[in-house]
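Engineer: sharing a model that was predicted from the sequence below.
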Protein chains: 2
Amino acid sequence: MSPDAREEILPGTLDMLILKTLAARHELHGFGIAEAIETGSGDVLRVEEGSLYPALQRLLIKGWLRGEWGKTAENRRARYYRLTAAGRKQLEAEVASYRRVSLAIERILSPA
Amino acid sequence: MSPDAREEILPGTLDMLILKTLAARHELHGFGIAEAIETGSGDVLRVEEGSLYPALQRLLIKGWLRGEWGKTAENRRARYYRLTAAGRKQLEAEVASYRRVSLAIERILSPA
DNA sequence: GCACTTGACATAGATAGTCTATGTCATGTC
DNA sequence: GACATGACATAGACTATCTATGTCAAGTGC
């Protein structure tokens, strides 16, 4: 088994994970979001940059995030994202839907 | 809200659900597999035919299923699928991986 | 001051998996 | 014999992710 056993994101859950990460932490830049997801998942999930940035663009366009350019602690340029009100609503909807589906899957994997 | 609130499959889980359904029931035709997933999930998940049959082909090609033509109780032609030994192993692997990922997502949605 | 590394953002292209829409064929029904 | 239904099947569109690559600026070593 490879030394890096982290898995791909379960398709369809990345947006939710990004929104949730920002809901918990108020403001983060892209790299920081990816790190937060990876460590927050106990190093199970891995977010590739080629998935992350397109996802952030989607979320910006839909109005669920706002982004502002700034500087990191190490004085590098970075775009800081935060959740909008619409983003917060969207997050709730996505979590509810995810829970419904994941319970349904569980019902099949472990029938009563 | 629409009268049919069933949701799409969570991408990446369809193969596992098919394998699991066959592991539980030994032998079923395609239509029966879809029905079993839909009712087994408490009518939450819905499997479209355009997803189902390509998935079954994939699983046949990979050797995880065997299929035999036969007749239904209503005397219609149908292909009956059953799990191979390799399919059973694959199912175990997919369930293990799914659980790892789904726990990781849970850790982010509801941090300790 | 120049090469190198690193952090951060970004895009193009490939790939995979699902959905929509459609088609076929055989059986049974009116 | 027209039609509905069960069952299988495929083509094409679409979405989301990944791989691979590139850019740019700041810091580091020499």
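Structural biologist: It's in.
Engineer: same for the helix or strand harbouring residue A:20, what does it pack against?
Structural biologist: Using DSSP states H and E, residue A:20 sits in helix A:14-25. In terms of contacts (3 or more C-beta pairs under 8 Å, 6 or more residues apart in numbering or on different chains; DSSP states H and E), helix A:14-25 is packed against helix A:30-40, helix A:49-61, strand A:77-83, helix A:85-109, helix B:85-109. In this view, the C-beta of every residue, glycine as well, is placed from N, C-alpha and C.
Engineer: would you turn the ones you listed into JSON lines with distance to residue A:70 and mean neighbour count?
Structural biologist: What follows is these, written out as JSON lines (distance: least, C-beta to C-beta, whole Å; neighbours: other C-beta atoms under 10 Å in any protein chain shown):
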{"stretch": "helix A:30-40", "distance to residue A:70": "12", "mean neighbour count": "18"}
{"stretch": "helix A:49-61", "distance to residue A:70": "15", "mean neighbour count": "14"}
{"stretch": "strand A:77-83", "distance to residue A:70": "5", "mean neighbour count": "18"}
{"stretch": "helix A:85-109", "distance to residue A:70": "19", "mean neighbour count": "16"}
{"stretch": "helix B:85-109", "distance to residue A:70": "25", "mean neighbour count": "16"}
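Engineer: redo these as a markdown table? Include distance to DNA strand D.
Structural biologist: Converted to a markdown table, the helices and strands packed on helix A:14-25 look like this (distance: least, C-beta to the nearest atom of the strand, whole Å):
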| stretch | distance to DNA strand D |
| --- | --- |
| helix A:30-40 | 10 |
| helix A:49-61 | 2 |
| strand A:77-83 | 6 |
| helix A:85-109 | 11 |
| helix B:85-109 | 11 |
